[in-house]
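Student: got a sequence here, can you model it:
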Amino acid sequence: MEERNEALVRAYLAAVARFDKDAVGALIDPAIVQTEYPNKLLAAGQVRGREDMLRDLPKGASVLRSQVYLIETIIAAGDKVVVETRWEGVLNVPVGRLQRGDAMVAHICMIFTINDGRIVGQKNYDCYEDFSPIERKRTKTGQRRARSRAWASMNPPGDRARGSGGLADGGDDGGKADPGTGERPVTAREGGRAGH
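Tutor: Numbers count the residues shown, from 1 in each chain. Prediction:
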């Protein structure tokens, strides 16, 4: 029985990898419940029945060019089959930092329950490798520009030109230089010398 159950799960994973709706339908019970616990793709997780599973399978082919389950461990005991696998899906669409043609990778543990030669339960624990967008580190030049933009927002051009009492008017900042560029604001007192 355990060898048959292991063979059933292997056949099921191969059919899922091919997006073969008919083959999957022949291997799962009408009353199947598939539980996918929270992960990077489904923050709240999901619970699906047969109809949803079969409806969603072809949708995967629009997102993925191909997929494969590389089984690392498979253990059958009684009506249970436990699978540890590395899943790789080649993308048709960009996801996070991954571009079309890149492989998304997940390390998955699945627990199947078998009854009368069909899968009646599947629990997924999916651990995806990071695919979040790359945060760009600011270079020193970028940091100077950011400081300069911040300085400019506190010292609007109108304040500098009119001497309206802002920092550029020279009263409170003591002629401090722009931290991004090293330039000092032109104060009302210095306005006569500017550009000469």
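
Student: which residue is the nearest non-sequential neighbour of residue 107?
Tutor: Distances taken as C-beta to C-beta, 6 or more residues apart in numbering place residue 127 nearest to residue 107, at 4.7 Å, with adjacent residues excluded. To be clear about C-beta, it is placed using only N, CA and C from the backbone, and glycine gets the same treatment.

Student: residue 86 versus that neighbour, what's the distance?
Tutor: With distances defined as C-beta to C-beta, to the nearest Å, the gap from residue 127 to residue 86 amounts to 10 Å.

Student: and what of residue 42?
Tutor: Relative to residue 86, and taking C-beta to C-beta, residue 42 is found at 19 Å.

Student: all helices of this structure, in order?
Tutor: Defined through DSSP state H, the helices belonging to the chain, from first to last, are 2-17, 21-27, 50-63, 140-154, 157-162.

Student: in the beta-sheet assignment, what are the partners of residue 28?
Tutor: When bridges are called by DSSP bridges, residue 28 pairs up with residue 119.

Student: for the one 5 residues further on, same thing?
Tutor: Taking DSSP bridges, one finds residue 49, residue 121 as the beta-bridge partners of residue 33.

Student: ok, now residue 108?
Tutor: Counting by DSSP bridges, residue 108 forms beta bridges with residue 85, residue 126.

Student: fine, thanks again, bye for now.
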